[in-house]
Each structure stands twice: as C-alpha cells, then as structure tokens.
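**Student:** Give me a model of this one.
(2 chains)
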Protein chains: 2
Amino acid sequence: MNIHEFGFRGTSEIIATTTSKSGKPNAAPIGIISDGNLYARIYTNTQTYANVKTTKKLVANIVDDPLLFVLSAFMELPLEEFRMEDDVPVLKDAKAWVAFECSMEDHPERATVNLRPLRGKIIQRSIQPVNRGFNAVIEATIHATRYLAMKDPKYLRRIEHYEEIVRECGGRREKDAMRKLKEFLK
Amino acid sequence: MNIHEFGFRGTSEIIATTTSKSGKPNAAPIGIISDGNLYARIYTNTQTYANVKTTKKLVANIVDDPLLFVLSAFMELPLEEFRMEDDVPVLKDAKAWVAFECSMEDHPERATVNLRPLRGKIIQRSIQPVNRGFNAVIEATIHATRYLAMKDPKYLRRIEHYEEIVRECGGRREKDAMRKLKEFLK
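**Tutor:** From the prediction side, this is the model:
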C-alpha cells in the first residue's frame, strides 16, 4: 500500500470506523490532517475516542455518498453497513479505506490521535465532476453537529444557506441527504 | 461513450472549452445541469456564449485542480493549457471530457444551451477524499465573479469565510488557488 495514492492533503473529511471493547462497530465523520504527519483531533466525549483509546485502531473510509456522512454524524449506522477486514471494521460502501494504528496525546476536550498506516485498499476509482450540492451537505452536516452541541441559531442560518445550494445544485442523493439532516435537527 | 459514466447529476461545475470563429480556444467554468436533459445557462455577454453561438460546440472538462477553476474564471488560459481533439479544444489537465453539440434558446441575459453528447473520454479515474478547502475555492470563485460584476461587499464577506476554510482545511493546491483569487480581486 502506498499511502500517497489515497489523496490525503490538508484536512480530508472521511468516515472513521472503530470497534468497542466488546467488538461493536461504530462510524463517525472526522477530519484527517495531512501535513507531513497524519493525525486527527478527536473530541474526548465521543464513541470514536473511547474506541480508539481501547483498540488503538481506526479505519479511514473514503466515501462519496452524502447520506452516509449525514447518517454516521447523527445516529448509529446499522450493522449491515459494515464488514470486517481481519480485525477492523470497514464501510461496505467505501471507495477506499486505510487502517491506522493510533497513538494518543490527550488534551482537554480534544485528543490528538497520531495515525500510522497499517494497510488499505482502493476499491473503486471514479470520475466526479464538482457538485456544489454534495459539498453543501458536508458543510451543513458540520454546522448541524455544532448546532446540536451549542444551540446557537447562527448555525441554523448557515444550514439554510447550504440547503438552498442543495436545492439548486444537488442531485437526488444530495436532496435525500439534506432531508434526512433536517429530520435530525427536529 | 456512455454519458452516465461521467457522473453528471444536479448541477456539475466543469470548465467549458470552446473556440472562436478564428479558432482561438477559450476556457471558462460553467455549471452543467442534468435533470433528464443536459443543458447549461450561459450569460450572453461571455466569450463562451459567443463561441457556442458560432461553432455550436462545447467541451465539458472534468477537472480537479482548484487553480484551473480560478484561472479560467478570471483570465484567458495560455494556449499551452489546451490540446485539440479533432476539431474541439480540451484542457490538457482534464480528468475526463465530453464534447457536445449545442442548440440555443436565447433569453435576456442568459441563454439556455441544450447539450447533445457527441463523444468523450475518461482519462484518469481517482480516489478523492472530501476536501472542504477545495470546495471553498469553488464557492469563493463563484462569489468573486459576482463581486467583480456587481461590487456588492456581501460577496467579499463570503469570500473571507471561504478563505478561512481554505486556511484550515486546504492543501497546498487550494492555498495557491486562493492566493491567486485574491490577486484577481485587487
């Protein structure tokens, strides 16, 4: 595996899959930072943090389905969305995945999780014209998690802005994902 | 060529290449709308419109280089960025391209250009993790063209917001593209 083939640069928004001590898989969107080193900054009150603390493993799933970003941000993904690759959980719909060994630096609220690539696979390369609707779903998801944590109405106004872009530029997948996001906000 | 392989859905942001009557190539970002039909809405005061009116041809270049979006929005791309595919110009760095035959419906300010696929090619499929910095360059480019046309300072405030995202999440390519965009705004 050549880690450079996976296209990490700046901060890449991926879906992290991990398992709990008892082996239950979890999925949540996180950013992976690539600046010579690879690492993530993970809130310590999350299942991802608890799982990584226990197992020292995290899989980065490269995904192009906007609904998966929304669902994994706000609920537990059903078991049938995962499959095991030896001892690590991978999303069935991932276009590529990389399993990392993790070492932690704990800080208040957010830990720095250093990522050492173990193995990975590219499943499907594709051609993707830029879709502003897709990008707007990602932004709206980030603002929705902030809104649910902090209840500041400024985040709702930003979500409205992105909703308009989804309406104007999204495909069916983006519109479905945005509808679902609005349900989670209720 | 199977047009469905190119991933058009909702509005796809691509770079349109066209030639003038005298054969000079031009490149400019436009949105291609896919809702059963394929079409674009093109401002009648642009070189793209004038060229399509004359030649009835337009090539959609699927591109993942943020700098190409910025440069083609604000200046004439140098000749060495193009190559000819028979009678149509294509961007050398396109990951895929589709040549269309165009029929026009003129409206005030913006024409509807109906697009019938003639031929196309996928050059390089890739794995691309979501990069919010890349997406922010696209949004900033759109707001910058609006600012330059209308001089409304609200667009400058939005560009600042996207600049912050590029600083936080972009890779080198995105940071270079954003720096260039700021130069065009001066």
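**Student:** Run the contact check for stretch A:104-117 versus chain B.
**Tutor:** No - using CB under 8 Å from any CB of the partner chain, stretch A:104-117 never reaches chain B; the gap is at least 13.3 Å. Heads up, the C-betas are built off the backbone N, CA and C, glycines and all.
**Student:** How about the residues of chain A by chain B?
**Tutor:** Residues of chain A lying near chain B (CB under 8 Å from any CB): A:5-14, A:31-32, A:34, A:60, A:62, A:64, A:69, A:95-96, A:122, A:125-133, A:135, A:138-139, A:168-174.
**Student:** can you rerun that using 7 Å?
**Tutor:** Taking CB under 7 Å from any CB of the partner chain, the part of chain A that reaches chain B is made up of A:5-14, A:62, A:95-96, A:122, A:125-133, A:135, A:138, A:168-171, A:174.
**Student:** which residues does A:Arg119 form a beta bridge with?
**Tutor:** A:Ala99 (DSSP bridges).
**Student:** Find the helix or strand that the residue sitting nearest the centre point of chain A is a member of.
**Tutor:** The centre of chain A sits closest to A:Pro29, judged by CA atoms, centre = their mean, with a distance of 1.9 Å. Under the criterion of DSSP states H and E, A:Pro29 resides in strand A:25-34.
**Student:** What is the subsequent helix or strand relative to that strand?
**Tutor:** Criterion used, DSSP H and E; the element after strand A:25-34 is strand A:38-43.
**Student:** tell me the angle of the longest helix seen in chain A relative to strand A:25-34?
**Tutor:** Longest among the helix segments of chain A by residue count, using DSSP state H, is helix A:132-150. Put simply, helix A:132-150 runs at 110 degrees to strand A:25-34, going by axes from the mean of the first three to the mean of the last three CA atoms, to 10 degrees.
**Student:** I'd like to check the angle between helix A:132-150 and strand A:38-43, please.
**Tutor:** With the same axes, to 10 degrees as the basis, helix A:132-150 and strand A:38-43 are set at 40 degrees to each other.
**Student:** Dump the C-alpha coordinates for helix A:132-150 into PDB.
**Tutor:** Extracted C-alpha coordinates of helix A:132-150, given in PDB (Å, rounded to 0.1, in the frame of the first residue of the first chain):
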ATOM      1  CA  ARG A 132     -21.800  22.100  -5.100                       C
ATOM      2  CA  GLY A 133     -24.800  20.300  -3.600                       C
ATOM      3  CA  PHE A 134     -22.600  17.500  -2.300                       C
ATOM      4  CA  ASN A 135     -20.200  20.000  -0.800                       C
ATOM      5  CA  ALA A 136     -23.100  21.800   0.800                       C
ATOM      6  CA  VAL A 137     -24.300  18.600   2.500                       C
ATOM      7  CA  ILE A 138     -20.900  18.200   4.100                       C
ATOM      8  CA  GLU A 139     -20.900  21.900   5.300                       C
ATOM      9  CA  ALA A 140     -24.500  21.600   6.600                       C
ATOM     10  CA  THR A 141     -23.600  18.400   8.500                       C
ATOM     11  CA  ILE A 142     -20.700  20.100  10.300                       C
ATOM     12  CA  HIS A 143     -22.900  23.100  11.200                       C
ATOM     13  CA  ALA A 144     -25.700  20.800  12.300                       C
ATOM     14  CA  THR A 145     -23.400  18.900  14.700                       C
ATOM     15  CA  ARG A 146     -22.300  22.300  16.100                       C
ATOM     16  CA  TYR A 147     -25.900  23.500  16.400                       C
ATOM     17  CA  LEU A 148     -26.900  20.300  18.300                       C
ATOM     18  CA  ALA A 149     -24.000  20.800  20.700                       C
ATOM     19  CA  MET A 150     -24.300  24.600  21.200                       C
END
